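Trainee: take this sequence and fold it.
(chains A and B)
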Amino acid sequence: MDLPGPFPVGRYARKLEEEMKKRARVQLMGEVTGVGRSKKQAFFELRDREGAVPCTMWLDDFERSKLPEGALRDGVELVVAGGPDYYRGGSQASPSFSFRATHMRLAGEGDLLAQLEALRKQLQREGLFELQKQLRRPRLPKTIGVVTAETGAARRDLLAGLARRGWAGTVVWGFAPVQDRRAAPAIAAAIQDLAARPEVEAIVVTRGGGSLADLWAFCDETLCRTVALLRVPVISAVGHERDSTLIDDVAAVACSTPTHAAEAAVPLDCLAARRDLQRAAAALRRSGEGAVEARARHLGALARGPARALQRQRSHLNQKIREIRAASERGLTERTGFQRRIATVVLGRARQRGVERAAAGRAEERRRVAAIERSAERNLQRRSQALERIALTLRAHDPERTLERGYALAESSAGEPVTTAEAARSLDEMRLRFADGQISVTPARGGRGSE
Amino acid sequence: MSANEGEQSTRAEPDSYESAVERLEEIIDRLDSGQAGLRETLELCREGRELVNYCAAELDAVGEGLKELKLDELAAKLDSQAA
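Mentor: This next block holds a predicted model:
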């Protein structure tokens, strides 16, 4: 060995004691366990989930810290101030290491909240707050698991809440301590056992109110990570409304009281649901029967339809006939009146025209009569004159006038004119007519000439 | 599947109370709309009655009296059953 020494151990122990006392003085926080006392000092361990330190405190210092009576006990969260110390022992006493506390106080909410906040941010960063909230929660679970203290108001309140919803399914109890350093692992184990049961559809974790230190088990990192990764929805109801633990953040639903947790575990109000169901059944019955009845009525109406339709049409026709009759009478009267008026006007006009024409006719007739009369008179006059001339002419050619001038007319006894001497010799007798009468003569035969 | 079940319905049973209620509400809305014909109405009524029966059975299952078990008792019971 190529190291310094060997040194006497007592000298090394004294040196170690001196070195320890030179170390910086700090404050530590943790949960108290293994509390004990001797005549001069108190001793305990201060621990959290990562480790522990043995602590000692002179009773004088302890009393000066003025903790409440009985405050130094297992499970309490403490803050201690001091530094490391090494007791080198003696000829009879054993050596030991401890954190020599000179001041001590109960951990305040501020201390715990600071620690809680750091852990909360860590879990949130890892996305562990969202996993449970994405799970489907049945509205009507038949079996729910409950983790709580076996004795306590939380259990009673939860059952009362379930009863108020009319729910009377199966509750599987996972009883566990809810306040000390054993609580968090026990709660986590109960939750895991419940989640392993296939019939358990939701898990409620609940306890009554308390200080943050009392509820500290529900801020346990291991417990919260366990809850976050479960496939069964967890409903937390830890403490009262103002209390906020880390399990509330990772759970599917965080409730302020066990009563609310009952409502979250069984979202369906079974009493109201029964009433709704009865209404739905009645609505279905009405719809079914109503649809059939309505159609039956419709069919009945259709069956009666033809007669009714005929009657309707007949009434309609009758009405039309009456209307037509009334209209025609009305029209006839109107037309008659109208025609009368027209006839009056037309006849009046015709009469007027007739009178006018008659007057004109008469005038014309008179004119024609006058013309005829004038024409006849002229004609008569002309004829009279022509007759006169003819008479004169006739008189000029009258044989009688010739006879008056000394001529005689020879004619046969039958009155036929005898125009030649030869004709006269052939006659036995003949007559000579003079202007004042006639004589019979007998022509001489044989001679020619002048007989 | 029994012959009886086959006659009752060709439809699968609802997978949850909430899906049954959701379908029931759809059916009643459709019937209330008055747009369904006679055949559809009767079919919807029949489906609706099945859903009402299903929901009633689900409610009955959590309405016959609270049963309380403890985890350790449950474990013991399962152990005895296994044995």
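Trainee: going by C-alpha atoms from here, please, whenever you check contacts or count neighbours.
Mentor: Will do.
Trainee: now do the host helix or strand of residue A:100: distance to the chain's middle.
Mentor: Following DSSP states H and E, one finds residue A:100 within strand A:96-106. Strand A:96-106 has its C-alpha centroid displaced from the chain centroid by 75 Å (CA atoms, centre = their mean, to the nearest Å).
Trainee: give the pairing partners of that strand; include direction for each.
Mentor: Using DSSP bridges, strand A:96-106 pairs in its sheet with strand A:51-58 (parallel), strand A:77-87 (antiparallel).
Trainee: looking at the ones you listed, which is buried most?
Mentor: The highest mean neighbour count among the strands paired with strand A:96-106, using mean count of other CA atoms under 10 Å in any protein chain shown, belongs to strand A:77-87: a mean of 21.
Trainee: show residues contacting it.
Mentor: A:16-17, A:20-21, A:23-32, A:46, A:95-107, A:213 (CA atoms under 8 Å, 6 or more residues apart in numbering or on different chains).
Trainee: coming back round to it: list the buried residues in the strand holding residue A:100.
Mentor: For strand A:96-106, the neighbour count (16 or more other CA atoms under 10 Å in any protein chain shown) marks A:97, A:98, A:99, A:100, A:101, A:102, A:103, A:104, A:105, A:106 as buried.
Trainee: also stretch A:182-192?
Mentor: Residues of stretch A:182-192 classed as buried: A:183, A:184, A:185, A:186, A:187, A:188, A:189, A:190, A:191, A:192 (neighbour count, 16+ other CA under 10 Å).
Trainee: list the contacts of residue A:186.
Mentor: Going by CA under 8 Å, 6+ apart, residue A:186 touches A:176, A:177.
Trainee: how much space between residue A:349 and residue A:334?
Mentor: 22 Å (CA to CA, to the nearest Å).
Trainee: can you pull the residues of the stretch 101-250 of chain A lying near chain B?
Mentor: Proximity of the stretch 101-250 of chain A to chain B, by CA under 8 Å from any CA of the partner chain, involves residues A:138-140, A:142, A:166-175, A:190, A:193-194.
Trainee: want to throw the strands paired with strand A:96-106 into CSV with distance to residue A:316 and mean pLDDT?
Mentor: Shown next, in CSV, are the strands paired with strand A:96-106 (distance: least, CA to CA, whole Å; pLDDT from 0 to 100):
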stretch, distance to residue A:316, mean pLDDT
strand A:51-58, 106, 93
strand A:77-87, 101, 92
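Trainee: wait, which of these is closest to residue A:275?
Mentor: strand A:77-87 (51.7 Å; CA to CA).
Trainee: chain center to that closest one: distance?
Mentor: 74 Å.
Trainee: swap in stretch A:125-134?
Mentor: Remark: stretch A:125-134 is offset 39 Å from the chain centroid, using CA atoms, centre = their mean.
Trainee: please point out which parts of that stretch sit buried.
Mentor: Buried residues in stretch A:125-134, defined by neighbour count with 16+ other CA under 10 Å: A:128, A:129, A:131, A:132, A:133.
Trainee: which residues outside it are in contact with it?
Mentor: A:123, A:225, A:227-234, A:249-253.
Trainee: gap between the two ends of it?
Mentor: Stretch A:125-134 has its terminal residues 17 Å apart, counting by CA to CA.
Trainee: list the contacts for the residue lying closest to residue A:150 once chain neighbours are set aside?
Mentor: Closest residue in space to residue A:150, ignoring its immediate chain neighbours: residue A:175 at 5.4 Å, by CA to CA, 6 or more residues apart in numbering or on different chains. By CA under 8 Å, 6+ apart, the contact list for residue A:175 reads A:146, A:147, A:148, A:149, A:150, A:190, B:70, B:71.
Trainee: correct me, but the fourth one touches residue A:156?
Mentor: Right, residue A:149. No - the pair residue A:149 / residue A:156 is not scored as a contact, 10.7 Å apart, by CA atoms under 8 Å.
Trainee: more neighbours: those two, which one.
Mentor: When residue A:149 and residue A:156 are compared for neighbours, residue A:149 comes out ahead with 22 against 13, by other CA atoms under 10 Å in any protein chain shown.
Trainee: quick one on the thing from earlier: including pLDDT and secondary structure, could the buried residues of stretch A:125-134 go into TSV?
Mentor: Output for the buried residues of stretch A:125-134, formatted as TSV (pLDDT from 0 to 100; DSSP: H, G, I helix; E, B strand; the rest coil):
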residue	pLDDT	secondary structure
A:128	94	coil
A:129	94	coil
A:131	95	coil
A:132	95	helix
A:133	95	helix
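Trainee: so what does the closest residue to residue B:24 other than its chain neighbours have for phi and psi?
Mentor: Among residues not flanking residue B:24 along the chain, residue B:48 sits closest, at 5.8 Å (CA to CA, 6+ apart). For residue B:48, the backbone dihedrals (degrees, to the nearest 10) come out as phi -60, psi -40.
Trainee: next, count neighbours for residue B:48.
Mentor: 25.
Trainee: again, but for the one 10 residues further on
Mentor: Residues lying near residue B:58 (other CA under 10 Å) number 16.
Trainee: check what pLDDT it gets.
Mentor: Looking at residue B:58, its pLDDT reads 90.
Trainee: same check on residue B:3?
Mentor: For residue B:3, pLDDT reads 40.
Trainee: tell me the SS of the most centrally placed residue in chain B?
Mentor: Of all residues in chain B, the one closest to the mean position by CA atoms, centre = their mean is residue B:54, 2.6 Å from it. With DSSP: H, G, I helix; E, B strand; the rest coil as the basis, residue B:54 sits in helix.
Trainee: what residues are up against it?
Mentor: Counting by CA under 8 Å, 6+ apart, residue B:54 makes contact with B:17, B:20.
Trainee: low-confidence ranges, chain B, go.
Mentor: B:1-12, B:83 (pLDDT under 70).
Trainee: oh sorry, the question was meant for the stretch 51-200 of chain A
Mentor: A:109.
Trainee: as a check, name the ranges of all helices in it.
Mentor: A:59-64, A:109-125, A:153-164, A:183-195 (DSSP state H, counting those that start in this stretch).
Trainee: and for chain B?
Mentor: Taking DSSP state H, the helices of chain B run over residues B:3-8, B:17-33, B:38-61, B:71-82.
Trainee: ditto for the stretch 201-350 of chain A
Mentor: Assigned by DSSP H, counting those that start in this stretch, the helices in the stretch 201-350 of chain A fall at A:221-229, A:246-250, A:258-265, A:270-303, A:305-397.
Trainee: got those as JSON lines, with mean neighbour count and mean pLDDT columns?
Mentor: Formatted as JSON lines, those follow (neighbours: other CA atoms under 10 Å in any protein chain shown; pLDDT from 0 to 100):
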{"stretch": "helix A:221-229", "mean neighbour count": "20", "mean pLDDT": "94"}
{"stretch": "helix A:246-250", "mean neighbour count": "25", "mean pLDDT": "93"}
{"stretch": "helix A:258-265", "mean neighbour count": "24", "mean pLDDT": "93"}
{"stretch": "helix A:270-303", "mean neighbour count": "15", "mean pLDDT": "85"}
{"stretch": "helix A:305-397", "mean neighbour count": "13", "mean pLDDT": "83"}
